[in-house]
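Visitor: let me see the structure of the following:
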Amino acid sequence: MNAESPQTRPKGWLSRHHRQGPRPWRKLRLGFLRWRRTVLANAHTAAIYRSIVGGLGTIIVLVGLALVPLPGPGWLIVIIGLFIISSEFHWAQRLLHFVRVNVERWTHWIMAQPLWVRWTVGAVTAAFVGIIVWLTLRLTGLPDWVPDLRVFDLIGLR
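Guide: Next comes the predicted model:
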């Protein structure tokens with residue numbers, strides 16, 4: 001410390017953490033990490049824990065992959081499943097890193113393109129989603145709660 005520095009702290013020097021205590025999510029996370037450390041200390045419970053985490057993450061990834069061709073957050077669900085698996089497995093961490101890097105590269109590439117290219121990619125994506133929705137409704141049929149509209153006859157759904 002410098003010889004000229006004041007001995008007392010200025011008013012308001014305390015951080016939010018010191019004034020209000022730790023945030024609730026931080027306490028919850030630290031509690032989970034303590035619990036996880038005790039579970040992983042025993043080889044048998046560690047194997048069971050890793051199996052449960054791997055199984056749950058795999059189920060979430062498979063559900064996400066099944067939802068990819070349908071409109072909705074299919075890829076987001078796959079990435080959430082990878083996050084879960086990567087908490088215990090290094091190969092999943094590498095795969096998640098690969099996905100993150102390539103999504104970022106795609107985003108930078110598409111944003112560097114002219115507006116007409118971005119609109120064309122968006123239109124092709126929207127057409128693909130529309131075809132998948134039409135095909136799904138064609139195979140499963142329209143639900144009963146959908147009103148009778150002439151447009152459904154025109155596109156071959158009735």
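Visitor: for this structure, which spans come out with low pLDDT?
Guide: Scanning the chain with the threshold set as pLDDT under 70 gives 1-22.
Visitor: hey, where'd the helices end up in it?
Guide: For the chain, the helices defined by DSSP state H cover 16-20, 24-41, 43-67, 74-86, 90-112, 115-140, 150-154.
Visitor: winner for burial among those?
Guide: With neighbours taken as mean count of other CB atoms under 10 Å, these reach their highest mean count in helix 74-86, at a mean of 18. No exception for glycine: its C-beta is placed from N, CA and C like everyone else's.
Visitor: what sits up against that one?
Guide: Contacts to helix 74-86, defined as CB atoms under 8 Å, 6 or more residues apart in numbering, come from residues 53-54, 56-68, 92-93, 95-96, 99.
Visitor: which ones are touching Asp153?
Guide: Not one residue lies near Asp153 by CB under 8 Å, 6+ apart.
Visitor: wait, Val39 touches Thr45, no?
Guide: Yes - contact status for Val39 versus Thr45: in contact at 5.0 Å, counting by CB atoms under 8 Å.
Visitor: any chance of the backbone angles for the nearest residue to Leu142 once chain neighbours are set aside?
Guide: Excluding the flanking residues, the one nearest Leu142 by CB to CB, 6 or more residues apart in numbering is Leu157, at 5.6 Å. For Leu157, the backbone dihedrals (degrees, to the nearest 10) come out as phi -100, psi 0.
Visitor: distance of Leu65 from Gly74?
Guide: According to CB to CB, to the nearest Å, Leu65 stands 7 Å off from Gly74.
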